[in-house]
Every structure is written in C-alpha cells, then in structure tokens.
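# based on what follows, work out the 3D shape:
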Amino acid sequence: MTKTTASASITLHPGHVPLATLRAIYAAPVQLSLDPSARALMQASLATVQRIVDEDQVVYGINTGFGKLASTKIAHERLAELQRNLVLSHSVGTGDALADDVVRVILATKAISLARGHSGIRPEIVDALLAMANANVLPVIPAKGSVGASGDLAPLAHLACVLIGEGQAKVNGTVVSGADAMRSIGLAPFVLGPKEGLALLNGTQVSTSLALAGLFGAESVFAAALVAGCLSLEAIKGSVKPFDARIHEARGQAGQIAVAAAVRALLDGSAIDTSHPNCGRVQDPYSIRCVPQVMGACLDNLHHAARVLTIEANAASDNPLVFDNGDVISGGNFHAEPVAFVADIIALAVAEIGAISERRLSLLLDPGLSGLPAFLIRDSGVNSGFMIAQVTAAALAAENQCLANPSSVTSLPTSANQEDHVSMATYGARRLGDMVRNAAVMVGIEAMAAAQGMEFDRALKSSPLVEDQFAAIRQRVAYLEQDRYLATDIEAMREWAMHTPWPAPLLQCLPSHA
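Numbers count the residues shown, from 1 in each chain. This is a model prediction of the structure:
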C-alpha cells in the first residue's frame with residue numbers, strides 16, 4: 001500500500017494507491033517517490049520493446065505510425081523522430097491552463113500508470129515526472145482539446161512536451177520554457193525511445209485527475225450541505241423524527257442510513273429539538289424531511305465514483321500494453337468510458353446537493369412555511385434581506401441542472417473514423433469544477449440564511465456540533481440587521497463550504513476519509 005509519513009513524503013506503490021493518498025496529492029504539494037519494486041517491472045517491459053526493435057518485428061506503437069497510419073512501418077533510424085513528432089503534433093490543446101492541484105495529480109497518476117510495467121518506458125522518465133511534481137515544476141496544460149479516447153492525447157502531449165524540452169511549465173508559479181523547466185530539476189531534455197512518446201500520450205490521467213478533483217469538491221459541499229440542513233432544521237424548529245434509524249434501516253439503502261446517522265450525531269444534545277414536542281408540526285417539506293433519502297442517494301453515487309476513479313488512477317491505460325511473457329497487445333484501455341460515466345454521476349449528485357439546498361433556502365425565506373420573518377429581516381419592505389441571495393441560488397441551481405446533462409453520450413468520431421466512438425470524459429470531468437463552485441455558493445447562502453433564522457430565537461441552544469458551525473459562520477459573516485453589500489459574505493460562505501475541517505460524523509461518510 002502507499003506509505004505516507006508525517007513529513008508529507010509519499011511512497012507510491014503502483015496499482016495500490018488509495019483514494020486518501022490521491023486526495024493528499026491534490027490538497028497540497030508533497031514529496032513523491034516510487035516503491036523500488038516497480039523498477040524491475042519497468043525494466044522488463046523496456047527490454048521487451050528493445051528486443052522487438054532489435055529483431056525488426058512490426059508492432060503497433062513501437063515502429064509503426066499511429067491511428068489511421070498504424071499500417072505504415074517506420075525505419076529504425078527514424079524511430080526517435082517518430083516519437084518526437086508524435087508529441088509535437090498532438091500538442092494542440094486550447095483554453096486556460098489546468099489548475100496546479102489538478103496537474104500535480106496528473107503527474108502522479110501518469111507516473112503510477114507507467115510504473116505498472118506495461119508501457120515499455122524507461123524508469124528515468126517516471127523519475128522525471130515525480131521530480132517535476134516534487135520541485136513544483138508543473139507543465140502548462142491547456143484545459144480543452146481531449147475527447148477522452150485515445151486517452152487524453154492533447155493535454156498529455158503538453159505534459160510530454162516539457163520532458164523533451166518543448167512547451168511550457170510553471171516553476172514555482174512562473175511560466176518558463178520546457179527546456180528551462182527541465183534544467184530547473186537538473187535534467188537534460190529526453191530523446192524519446194521506441195513507444196515512449198505514445199506511452200506518455202495514451203492514457204486517461206487528465207480526465208481521471210479532473211474527475212478526482214470534482215469528487216473531492218463534491219465531498220466538501222456534501223458535508224457542508226448536511227451542516228446547512230441541520231442549521232435550517234433548527235431555524236424552523238423542524239422535526240427530528242424523520243431521522244429515526246428504524247425508518248432508514250427498513251429501506252436498507254447504505255447511503256441513506258449513513259446520512260441519517262450523521263444528522264443524528266450532528267444534532268445530538270440540541271435543546272431546540274426537545275423544546276417543541278407538541279408544536280403541531282406534522283410534516284416538514286421534503287427538503288427537510290427527505291435529507292437522508294436525497295443526500296444518501298448522492299453519497300452512494302459518490303462512493304461508486306470513488307471506487308471507479310481509484311481503480312482508474314492505478315490503471316495501465318496506454319496502448320499497446322507489454323506483458324511479462326513478451327506479448328505486446330493492442331487494445332483500448334485508453335478509452336475513458338468508466339471515467340465519463342462516473343463524471344456524469346458526480347455531476348448528478350452535485351446538482352442535487354445544490355438543488356435541495358436551494359429549496360431549503362426558499363423555505364427559510366417564506367414566513368408561511370418557516371414561521372420566521374419574511375426574507376429573514378425584521379424591518380422588511382425597507383429591507384429586502386435574503387430575497388435576492390435566493391435568486392442567485394436559484395440561478396446557480398438552474399445552471400447546474402444544465403451542466404448535469406450527460407457528457408458521456410455525446411460521442412463524435414475522430415481520426416478518419418478509426419477512433420469512431422469516444423468518451424468525452426475530459427469535458428465531463430472538467431465541468432465538475434464549475435458545478436462544485438456553484439453548489440458551494442448555494443450551500444453557503446443556505447447556511448448563512450439558516451444562521452440568521454436561528455438568531456430570531458436564541459433562548460435555547462442547538463447541539464455542540466451545530467453551535468460550533470454557527471460560531472464558525474459568525475466569524476465569517478455578521479447578523480444581517482439591515483441590508484448591506486452581501487457579495488463578500490457570499491464568497492466567505494463559499495469558502496466555508498469548501499474549506500471547513502468537518503467533524504468526525506461527517507468525515508466518516510466521505511469516500512476519501514472512510
């Protein structure tokens with residue numbers, strides 16, 4: 001398994017890197033090294049490729065053209081030129097550069113994949129990938145231009161460009177040439193050997209890393225939404241009976257059971273909950289009462305996505321693959337359909353987390369349903385309170401509903417119909433960043449509004465865990481006595497949703513913390 005020490009040094013064991021380690025790599029720069037046992041596997045596959053070249057066998061990706069040109073044999077003396085041209089010709093990405101945290105995960109997962117020993121690549125190239133990550137030398141990778149098969153060709157070509165002294169990289173935040181980037185880690189640019197360029201370009205590491213970033217963000221807004229839901233329940237003095245464990249065990253859905261347990265733990269010790277046993281409230285609206293059912297379904301889907309993405313982050317996904325008996329087999333592990341599907345699933349979960357949060361926000365603002373002052377402001381009419389903050393939340397909920405439409409069904413053929421079905425996983429994963437940000441804003445607005453609602457009756461306190469979060473919110477935003485500029489408050493609450501250290505009952509639910 002992957003070993004992590006207190007000094008933020010991580011040893012990667014290819015094929016067995018857990019989700020928590022991938023999250024650590026995403027969260028902050030760490031020092032990465034490779035389990036020594038991986039070198040022998042890489043050397044063995046490299047020897048197989050060299051034997052094929054020496055014997056002048058014709059094998060795709062080693063001494064042939066690519067894609068529609070796979071039947072064209074390349075002369076021995078032009079193999080290095082072939083690999084270099086492959087990298088340069090595929091460096092056609094466009095758009096903004098991928099974020100540094102995503103690029104760190106791309107470097108790590110590319111190293112993990114190549115170090116499985118199925119790629120026929122020199123160990124020194126894997127060492128160089130890890131050296132870049134360790135020195136905060138991050139290739140500039142344009143976000144757009146991949147269809148998710150044959151792998152993430154264009155974005156990975158921009159990564160590979162740096163290894164050959166081309167393209168651009170950021171060295172501690174400053175953009176420099178690929179050649180200067182290599183010099184900064186004490187290496188000369190590589191002259192790629194047979195198959196090495198193809199091994200670097202083929203693979204699903206960009207779409208997988210983007211999907212992992214989306215998953216980690218979804219975990220944060222999921223936890224924040226459970227806290228916001230508890231704050232809203234307390235603000236309206238809602239019923240805790242729908243969270244009774246017996247209800248959820250009778251259905252048997254694991255996520256639903258876990259969410260109900262987390263809500264009970266968050267609310268444990270609340271004086272508000274026990275203060276209104278005979279209040280006459282029979283049933284709360286679904287956005288309160290069905291939190292376990294809705295959020296539990298989201299949680300189940302996040303766990304499924306986590307399982308698939310952990311497998312993919314450890315996968316040998318280039319082509320062809322080299323096996324220990326000397327076989328070199330051309331297949332299609334570069335096709336990112338598993339990533340495309342779970343990116344769509346994460347998108348659905350994020351859209352629903354935001355949608356039900358926006359509905360609770362609307363409930364809080366409606367005095368007929370909440371029993372609270374209209375729009376959560378005492379002097380309404382002169383003051384609009386949270387009225388237009390809810391409009392923002394509604395706008396973002398609608399945007400996420402559009403973005404949640406599946407990407408995986410939008411295949412378009414490429415490479416003169418040789419690559420006639422593609423996954424579109426890269427876009428499907430990339431859009432998760434916008435969706436998570438939107439959801440974090442929605443959940444943050446709900447939590448801010450719920451804290452406002454609780455302020456109208458502070459005679460009784462909620463549970464210790466909920467009161468801790470109430471205090472954390474008040475450290476960021478003040479009580480709304482009269483209308484003020486709210487945009488900075490909304491941004492502060494988005495930060496709360498994305499970056500709060502959540503209590504144990506929430507972390508225990510999340511895939512990367514379980």
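# mind exporting the helix or strand containing Arg104 as CSV, just the C-alpha atoms?
Applying DSSP states H and E as the criterion places Arg104 in helix 100-114. The C-alpha coordinates for helix 100-114 follow below in CSV (Å, rounded to 0.1, in the frame of the first residue of the first chain):
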residue,chain,number,x,y,z
ASP,A,100,-1.9,23.4,-10.3
ASP,A,101,-3.6,21.0,-8.0
VAL,A,102,-5.0,19.0,-10.9
VAL,A,103,-1.6,19.0,-12.7
ARG,A,104,0.0,17.5,-9.6
VAL,A,105,-2.4,14.6,-9.7
ILE,A,106,-1.9,14.2,-13.4
LEU,A,107,1.9,13.9,-12.9
ALA,A,108,1.4,11.4,-10.1
THR,A,109,-1.2,9.3,-11.8
LYS,A,110,0.9,9.2,-15.1
ALA,A,111,3.8,8.0,-13.1
ILE,A,112,1.7,5.4,-11.3
SER,A,113,0.4,4.1,-14.7
LEU,A,114,3.7,3.9,-16.4
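# what pLDDT, on average, does that helix get?
Per-region confidence: helix 100-114 scores 98 on mean pLDDT.
# please apply the same query to stretch 53-68.
Average pLDDT, stretch 53-68: 84.
# in it, which residues are buried?
Neighbour-count burial for stretch 53-68 flags Val53, Val59, Tyr60, Gly61, Ile62, Asn63, Thr64, Phe66 (criterion: 16 or more other Cβ atoms under 10 Å). Any C-beta I mention is one placed from the backbone N, CA and C, and that applies to glycine too.
# go on, stretch 261-275?
So for stretch 261-275, counting by 16+ other Cβ under 10 Å, buried means Ala261, Ala262, Val263, Arg264, Ala265, Leu266, Leu267, Ser270, Ile272, Asp273.
# run through who's touching it.
Defining contact as Cβ atoms under 8 Å, 6 or more residues apart in numbering, one finds that stretch 261-275 is touched by 226-227, 229-230, 233-234, 237, 240, 243, 245, 291-292, 460-466, 503, 505-506, 508-509.
# now the end-to-end length of that stretch.
21 Å (Cα to Cα, to the nearest Å).
# how far is it from where the chain is centred?
With Cα atoms, centre = their mean, to the nearest Å as the basis, stretch 261-275 stands 31 Å off its chain's centre.
# extract the CA atoms of stretch 116-123 and return them as CSV.
The C-alpha trace of stretch 116-123 is given here as CSV (Å, rounded to 0.1, in the frame of the first residue of the first chain):
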residue,chain,number,x,y,z
ARG,A,116,2.9,-0.6,-13.6
GLY,A,117,5.4,-2.1,-16.0
HIS,A,118,3.1,-2.5,-19.0
SER,A,119,4.4,0.5,-21.0
GLY,A,120,7.9,-0.3,-22.2
ILE,A,121,9.2,3.0,-20.9
ARG,A,122,12.5,3.9,-19.2
PRO,A,123,12.2,4.3,-15.4
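# picking up where we left off before, so which two of the buried residues of stretch 261-275 are the farthest from each other?
Largest separation among the buried residues of stretch 261-275 by Cβ to Cβ: Ala261 and Ile272, giving 19.7 Å.
# burial check on Glu77, number of neighbours?
7 (other Cβ atoms under 10 Å).
# what sits against it?
No residues are in contact with Glu77 under the rule Cβ under 8 Å, 6+ apart.
# ok so it is a helix residue?
Yes. Per DSSP: H, G, I helix; E, B strand; the rest coil, Glu77 lies within a helix segment.
# and the strands in the stretch 1-150 of the chain, which stretches?
Counting by DSSP state E, counting those that start in this stretch, the segments of the stretch 1-150 of the chain that form strands are 3-4, 9-12, 31-34, 94-97, 137-139, 142-144.
# as JSON lines, these with mean neighbour count, distance to Met182 and mean pLDDT would be great.
Output for these, formatted as JSON lines (neighbours: other Cβ atoms under 10 Å; distance: least, Cβ to Cβ, whole Å; pLDDT from 0 to 100):
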{"stretch": "strand 3-4", "mean neighbour count": "14", "distance to Met182": "28", "mean pLDDT": "44"}
{"stretch": "strand 9-12", "mean neighbour count": "18", "distance to Met182": "22", "mean pLDDT": "96"}
{"stretch": "strand 31-34", "mean neighbour count": "18", "distance to Met182": "18", "mean pLDDT": "97"}
{"stretch": "strand 94-97", "mean neighbour count": "12", "distance to Met182": "18", "mean pLDDT": "97"}
{"stretch": "strand 137-139", "mean neighbour count": "25", "distance to Met182": "8", "mean pLDDT": "98"}
{"stretch": "strand 142-144", "mean neighbour count": "17", "distance to Met182": "20", "mean pLDDT": "97"}
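# closest one to Gln401 among the ones you listed?
strand 142-144 (22.7 Å).
# pLDDT averaged over the helix or strand just after the closest one - what is it?
Downstream of strand 142-144, the first helix or strand assigned by DSSP H and E is helix 153-163. On average, the pLDDT along helix 153-163 is 97.
# centre of the chain to helix 153-163, how far?
That offset, for helix 153-163, works out to 21 Å (Cα atoms, centre = their mean).
# may I have the next helix or strand after it exported as PDB, CA atoms only?
Following helix 153-163 in sequence order, the next helix or strand is strand 168-171 (DSSP H and E). Output in PDB follows, covering the C-alpha atoms of strand 168-171 (Å, rounded to 0.1, in the frame of the first residue of the first chain):
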ATOM      1  CA  GLN A 168       5.900  25.400 -21.200                       C
ATOM      2  CA  ALA A 169       5.900  24.800 -17.500                       C
ATOM      3  CA  LYS A 170       5.400  26.700 -14.300                       C
ATOM      4  CA  VAL A 171       8.400  26.700 -12.000                       C
END
